[in-house]
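In: Please find the sequence and the predicted model below.
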Amino acid sequence: MRAKRITGTIFAHVGLVILSVIWLIPILWLVVTAFSAYPGINISHFFPQEWTFKNFGTILFKPDSVVKYAVWFKNTFIIAIFTCIISTIFVFMVAYAFSCMRFSGRQGLMTLSLILNMFPGVLSMIAIYFILKSIGLTNSHLGMIIVYSAGSGLGYLIVKGYMDTIPASLREAARIEGANEFQTLTKVIVPICKPIIVYQVINSFLIPWGDFVFAKLMLNSGLSKDWTVAIGLYNMLDKSLINKYFSIFCAGGLLISIPISILFVLMQKYYVEGVAGGATKG
């Protein structure tokens, strides 16, 4: 039995190593290509024959008719920040209502919210596009912020699970002291919810930060100054541009991953605590 267990463990780890290598090789190739002096796709060598930092300087400080990375980064950052703030507020309000308040129809609303959250968002994109077009909010960062934030309250479940672990006696004590629901939420619940706040902030920030499909649908005017980073990088892969801009594309992809990677590393402790705490109850 011991020999079988050891053999099984070895095979499992070998399989995981193989899967990890398969997953990491494309990422590693994109990273090393970002430092390549060859501008196009070099399939004859995995590692560049000449290394350079020129691609990063070009994408950051030498905009042209194709590359406007600083503008794209600013657009993406503004959309992500406002979406993050609004979505986090919405989620906490919904989670607090379902976790800490009792009212008629509460269970039915929770069930309906979960069912709606199961439907893929892409199914509603065309309808959303025509609604926003009718009110003049296509090709608008405001329209994107509204759509990204509007349905965020449906993702309340993990935050609610975390709030369920907070003793009800704390809220009762606050009410005895004369606090209303808003004061109870902001003065009692929110300070205890630091880990789940970090979890929600990172998740809310990631949605617009890396989104391509909805951004491409909405920002279709052809004006590159309105694009997000995802659309701008995708445009570099056009067959007429890829041989000149592929290394720059890789550099841009590497740069866009740095802020969120740093944020995640700094907040990893709270992120894990938030996920674990929110999963204990539903």
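Out: Noted; the coordinates are in hand.
In: Name the residues that touch whichever strand or helix holds I197?
Out: Assigned by DSSP states H and E, I197 falls within helix 194-210. Counting by Cβ atoms under 8 Å, 6 or more residues apart in numbering, the neighbours of helix 194-210 from elsewhere in the structure are 76, 79-81, 83-84, 87-88, 91-92, 144-145, 148, 152, 155, 158-159, 162-163, 190, 215, 228, 230, 256, 260, 263-264, 267, 270-271, 273-275, 277-278. In short, each C-beta sits where N, CA and C put it, glycine included.
In: Can you list the buried residues in stretch 42-53?
Out: By 16 or more other Cβ atoms under 10 Å, the buried positions in stretch 42-53 come out as 42, 48.
In: CA atoms only: put that stretch into PDB for me.
Out: The C-alpha atoms that make up stretch 42-53 are tabulated as PDB, following Å, rounded to 0.1, in the frame of the first residue of the first chain:
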ATOM      1  CA  ASN A  42      10.400  35.000 -34.500                       C
ATOM      2  CA  ILE A  43       9.500  31.300 -34.600                       C
ATOM      3  CA  SER A  44      13.000  30.000 -35.400                       C
ATOM      4  CA  HIS A  45      14.300  30.800 -31.900                       C
ATOM      5  CA  PHE A  46      12.500  30.600 -28.500                       C
ATOM      6  CA  PHE A  47      14.900  33.100 -26.900                       C
ATOM      7  CA  PRO A  48      15.800  36.300 -28.800                       C
ATOM      8  CA  GLN A  49      19.200  36.500 -30.500                       C
ATOM      9  CA  GLU A  50      19.400  40.200 -29.600                       C
ATOM     10  CA  TRP A  51      18.000  41.600 -26.300                       C
ATOM     11  CA  THR A  52      16.800  45.200 -25.900                       C
ATOM     12  CA  PHE A  53      14.600  47.400 -23.700                       C
END
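In: roughly how far is the helix holding I197 from the heart of the chain?
Out: 7 Å (Cα atoms, centre = their mean, to the nearest Å).
In: Low-confidence stretches in the stretch 151-282 of the chain?
Out: Counting by pLDDT under 70, the stretch 151-282 of the chain shows low-confidence ranges at 268-282.
In: Next SSE downstream of the host helix or strand of H13?
Out: H13 is located in helix 2-33, with elements delineated by DSSP H and E. Following helix 2-33 in sequence order, the next helix or strand is helix 54-61 (DSSP H and E).
In: quick check: angle from the longest helix anywhere in the chain to helix 54-61?
Out: In the chain, ranked by residue count with DSSP state H as the criterion, the top helix is helix 242-278. With axes from the mean of the first three to the mean of the last three Cα atoms, to 10 degrees defining the directions, helix 242-278 sits at 80 degrees from helix 54-61.
In: How far does helix 242-278 sit from its chain's centre?
Out: Between the centre of helix 242-278 and the centre of its chain there are 9 Å (Cα atoms, centre = their mean).
In: Give the buried residues for the helix holding H13.
Out: Of the residues in helix 2-33, those buried under the neighbour-count criterion (16+ other Cβ under 10 Å) are 30, 33.
In: Please name the residues that touch the residue nearest to I192 when sequence neighbours are not counted.
Out: Distances taken as Cβ to Cβ, 6 or more residues apart in numbering place I166 nearest to I192, at 5.7 Å, with adjacent residues excluded. Contact analysis of I166 by Cβ under 8 Å, 6+ apart lists 189, 192-193.
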